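> Predicted model, plus sequence, below.
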Amino acid sequence: MPNVLLLGVVHEFQRQDPRFLFIPKEKSEIYLAQVRLYSQWVRTQIDGFEAELIFDEMNLPEWEHFNRLEDFLVVPWMYMDIPENVRKRFKLTAVRQPGQEIIPEIDEPRERHWLKMIESVCAECKLEKVAVLCGAAHLPTFSQKLIEAGCDVKSIDVREMEWYNTGYANTSS
């Protein structure tokens, strides 16, 4: 099994959320700065790790190379989750509530699928170093699955970075 750089991300940073246009200017400026810092952070982590492939939980459109971070890195990107239409059909999706970031009956099957995707692709392509992007809430459970599968895992949570700031959130202010 490969060495894995597991990056816990905030999905709102993976592509510009059009909702930022409808929040006060000072909050949208914080959000846009966070998106830029996130992008730089991911690029630096993957570049330093020298990943051969990026697995991503978030399904970003194929034409959005800039959001998938393929443009500067020249590292191929791959969607690893169960396709969204399948997840919806078999009730493996839900609206997340604050404090309920992980829903075991939904997220456990998804994480097992991610592990199978990573194992299969790494074996077939003979990969030694891969980066994995998933929601930060998945870090404890998914890193454990990777370790149990024999991967050497380095896990980093974006929410622990000194620049991380949720001041853009549309909360009562």
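Yep, it's here.
> immediately after the helix ranked longest in the chain, which helix or strand?
The longest helix of the chain (DSSP state H) is helix 25-49. Using DSSP states H and E, the helix or strand that follows helix 25-49 in sequence is strand 53-56.
> Ranking helices and strands of this protein by mean pLDDT, which lands last?
One helix or strand of the chain scores below all others by mean pLDDT, DSSP states H and E: helix 70-73, with a mean of 54.
> in the longest helix of the chain, what counts as buried?
Using 16 or more other CB atoms under 10 Å as the burial criterion, the residues of helix 25-49 that qualify are 27-28, 30-31, 34-35, 37-39, 41-42, 45-46, 49. Quick note: C-beta positions are derived from backbone N, CA and C, even for glycine.
> I figured residue 76 hits residue 54, correct?
Yes - checked against CB atoms under 8 Å, the pair residue 76 and residue 54 is within contact range at 7.0 Å.
> Counting neighbours, go ahead and name the busier of those two.
Neighbours around residue 76 and residue 54, counted as other CB atoms under 10 Å, are more numerous at residue 54. The numbers are 22 against 12.
> hang on, the more buried one packs against residue 79?
No - counting by CB under 8 Å, residue 79 is not a contact partner of residue 54; they are 10.0 Å apart.
> Would you convert the buried residues of helix 25-49 into CSV that also reports distance to residue 58?
Formatted as CSV, these follow (distance: CB to CB, whole Å):
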residue, distance to residue 58
27, 23
28, 21
30, 21
31, 17
34, 16
35, 14
37, 18
38, 12
39, 14
41, 16
42, 12
45, 16
46, 15
49, 19
